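Chemist: Let me see the structure of the following:
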Amino acid sequence: MALYEHIFIARQDIQPQQVEAITADLTKIVEDNGGKITKTEQWGIRTLAYRIKKYKKGHYVLMNVEGSTEAISELERNERLHEDVVRFMTIRVEEFEEGDSVVLRARDRDTRPSRFENRDNRPRFENKKTTAKPEVTAKPATE
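Modeler: Numbering: from 1, shown residues only. Predicted coordinates for the structure are as follows:
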């Protein structure tokens, strides 16, 4: 059996429960055709790079599929007919990525300092180094 990463984007105006129902329906389609879904990740609502069918955002879902090309073609055929699925993409991979995907890891790792703090979490104005100028003392005039 071949390994595939499959991502689909659902409309932004549907509820997360409806996205879960769509995912369950698509999982059933794959399993009915002899395939298996090994992992499903819902990435939530994300902004699209450009408008698709007048939508600026969409619910992203990643599925790792282990199955035949017939299962994938049936999955994609049903997604073309589904009115809530805006876009989909399937990529054949050599092996599945272990753990969370890059998108979920980036979301968890987002620990950038605020615009008022530097990397060591101190306010910016305390991090400025002040250079003390040496005191100039007046020398007595020699006659």
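Chemist: Skipping adjacent residues, who's closest to the residue nearest the centre of the chain in space?
Modeler: For the chain, the residue lying nearest the average C-alpha position, counting by C-alpha atoms, centre = their mean, turns out to be residue 103 (3.0 Å). With C-beta to C-beta, 6 or more residues apart in numbering as the measure, residue 43 is the residue that lies nearest to residue 103, at 5.3 Å, once sequence neighbours are left out. Where C-beta positions appear, they are placed from N, C-alpha and C, glycine not excepted.
Chemist: The residue nearest to the centre of the chain falls within a helix, correct?
Modeler: Yes - looking at residue 103 with DSSP: H, G, I helix; E, B strand; the rest coil, it is inside a helix.
Chemist: Would you check that it makes contact with residue 42?
Modeler: No - the criterion here is C-beta atoms under 8 Å, and residue 103 misses it with residue 42 at 10.5 Å.
Chemist: shared neighbours of these two, which are they?
Modeler: Applying C-beta atoms under 8 Å, 6 or more residues apart in numbering, one finds that residue 103 and residue 42 are jointly contacted by residue 60.
Chemist: ok so, going back, what residues are up against the residue nearest to the centre of the chain?
Modeler: The contact partners of residue 103, taken as C-beta under 8 Å, 6+ apart, are 41, 43, 60, 62.
Chemist: same for the longest helix along the chain, what does it pack against?
Modeler: Taking DSSP state H as the criterion, the chain has its longest helix at helix 16-32. Counting contacts by 3 or more C-beta pairs under 8 Å, 6 or more residues apart in numbering; DSSP states H and E, the secondary-structure elements packed against helix 16-32 are strand 2-11, strand 36-52, strand 55-67, helix 69-81.
Chemist: Tabulate the ones you listed (TSV), appending mean neighbour count and distance to residue 19.
Modeler: Listed next are the helices and strands packed on helix 16-32 as TSV, based on neighbours: other C-beta atoms under 10 Å; distance: least, C-beta to C-beta, whole Å:
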stretch	mean neighbour count	distance to residue 19
strand 2-11	20	5
strand 36-52	13	7
strand 55-67	20	5
helix 69-81	16	13
